[in-house]
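A.B. asks: Prediction below, plus the sequence it came from.
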Amino acid sequence: MGDIKAVLNGCEDYWTLQDRAAMPLLFKMTVCVDIRVVVPGAWVAFSYSSIYTPRPELGLEGDDEALYGWLLRVRHRFPIRLSSTQWHRVCLRRDVLRNSFSLEVDGKMVAERTVIAQAIPPSGSLWLGCRPRDQPPGAMQGEIELYLFRMWPDLGDHGLCEDGTVIGWNSQYWGVTSAKATQRDPRLLCDRRRLRRGPRAFQSVNSGVYSDTTPVARLFSPSFEVPSTTTTSSPLIATPVTQRSNQTSKVTGSPLLNCNISQLCSSKSAYFWMSISVNAKNGNKTEKDVHNLVSKAFGCKGDAAKKGTGLIDFCQSDRQLQSLQVNCSAKRNISETTCDVLLQLSYAVSACELQHAGVSALQQAGDQQIQATIIGEVERVGLEIICSQR
């Protein structure tokens, strides 16, 4: 399918991995896909989910503000924006034994995070594009084109047109919802007719002239915005405690890391992550208003703490609950959106207890102008886990 691209408009059209190509258990993996944002807005490049959970075990999304990588049902935000109408090659790399999760754009490593968790469960479902059930409420849907989705069971560098050994860009792997979700384009990089012409220079879809030996960093447009702080390894992580791995196998040639994960077992200063759905009347609320709502609900102050069923227990004996971060898909003019919330509790409780109390607290903190509800499960996570080579 060297001359075929996926054309994905919102959640109307998508591709699905066929049953004959089951996802195996991998302790190392590289996933790459070429992306072109045609119409700005929220978009989903791909999502992989096991049969046990509706949230992605692995996925890649984006909008006008950032890229988002999913790993084991936790969404990681990378403050990188892809330019519209340009092709970009985006890769996610996961190394279970080294506890790493990284993002690469156009051949350059732009972020690496420490994630202490197990391998991604096998035999799930893989979608290219947005599944209708996962359409974010209120967000303006973008339109994207995808090309060369490929997966390998390693962390190596692979050729521009090298097909994936686990999953490749081949018609035998994919099913398409409709004819309009696929399009033939002879200008694509790995069209066989183009490759047969030999090492002569050719015109890319980005209107630049390249040869077949051009490095990927030059072949794709550098028109993406990356703050300088994201080019180095970042210690900011969101690590589900329930996903911690006991894997002790050694990797030849790769140094093992010694990570201080004591905070994940501590009875004090526990961190929790949740996703919330927000509905606002008149569509004039901002992310700051959502932050204030969450602070009111979980800050052990006012009527929310007095009336919230179960929350009053968390507000006793110096069990102070503080909102650390609220990150919403929509930043302003909010009518409907989803937000990620990171909380810190000065005394550890079970995620189940916090979820039960949080449902009531958010209900009590809301008013006629803005309401929020928890989506899915609250998870205990680690923050700023530091690793060093042994």
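C.D. replies: That came through, no problem. Numbers count the residues shown, from 1 in each chain.
A.B. asks: Show the contacting residues for residue 175.
C.D. replies: Applying CB atoms under 8 Å, 6 or more residues apart in numbering, we find residue 175 in contact with 15, 16, 17, 18. The C-beta positions use only the backbone N, C-alpha and C, and glycine is treated the same way.
A.B. asks: okay if I get those residues as CSV plus pLDDT, secondary structure and distance to residue 284?
C.D. replies: Shown next, in CSV, are the contacts of residue 175 (pLDDT from 0 to 100; DSSP: H, G, I helix; E, B strand; the rest coil; distance: CB to CB, whole Å):
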residue, pLDDT, secondary structure, distance to residue 284
15, 90, strand, 38
16, 89, strand, 39
17, 88, strand, 42
18, 84, coil, 46
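A.B. asks: Please enumerate the helices of the stretch 101-250 of the chain.
C.D. replies: Along the stretch 101-250 of the chain, counting by DSSP state H, counting those that start in this stretch, helices occupy 192-195, 216-219.
A.B. asks: For the ones you listed, which has the smallest mean pLDDT value?
C.D. replies: Ranked on mean pLDDT, the bottom entry among these is helix 216-219, at a mean of 44.
A.B. asks: Buried ones in whichever strand or helix holds residue 342, by neighbour count?
C.D. replies: Residue 342 belongs to strand 336-347 when assigned by DSSP states H and E. Across strand 336-347, burial judged by 16 or more other CB atoms under 10 Å covers 337, 338, 339, 340, 341, 342, 343, 344, 345, 347.
A.B. asks: And those residues, which is closest to residue 30?
C.D. replies: residue 340 (25.7 Å; CB to CB).
A.B. asks: was I right about the closest one contacting residue 277?
C.D. replies: No: counting by CB atoms under 8 Å, residue 340 sits too far from residue 277 to count as a contact (11.6 Å).
A.B. asks: Show me what the mean pLDDT comes to for stretch 101-110.
C.D. replies: Averaged across stretch 101-110, the pLDDT comes to 91.
A.B. asks: Now do the helix or strand containing residue 360 and strand 336-347, the angle between them.
C.D. replies: Assigned by DSSP H and E, residue 360 falls within helix 351-365. Counting by axes from the mean of the first three to the mean of the last three CA atoms, to 10 degrees, helix 351-365 lies at 120 degrees to strand 336-347.
A.B. asks: begin at 29 from here
C.D. replies: Sure, I'll start counting at 29 from here, so that last one is helix 379-393.
A.B. asks: mind saving the C-alpha coords of whichever helix or strand comes after helix 379-393 as PDB?
C.D. replies: Remark: after helix 379-393, the chain's next helix or strand is strand 398-409, criterion DSSP H and E. Taking C-alpha atoms only, strand 398-409 is exported to PDB below (Å, rounded to 0.1, in the frame of the first residue of the first chain):
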ATOM      1  CA  ILE A 398     -20.700  24.300  35.600                       C
ATOM      2  CA  GLN A 399     -20.700  20.600  36.500                       C
ATOM      3  CA  ALA A 400     -18.100  17.900  36.400                       C
ATOM      4  CA  THR A 401     -18.200  14.100  36.700                       C
ATOM      5  CA  ILE A 402     -15.400  11.500  36.900                       C
ATOM      6  CA  ILE A 403     -14.900   9.300  33.900                       C
ATOM      7  CA  GLY A 404     -13.600   5.800  34.400                       C
ATOM      8  CA  GLU A 405     -11.400   4.900  37.400                       C
ATOM      9  CA  VAL A 406      -9.300   7.000  39.700                       C
ATOM     10  CA  GLU A 407      -5.700   5.700  39.800                       C
ATOM     11  CA  ARG A 408      -2.800   6.200  42.200                       C
ATOM     12  CA  VAL A 409       0.300   7.400  40.400                       C
END
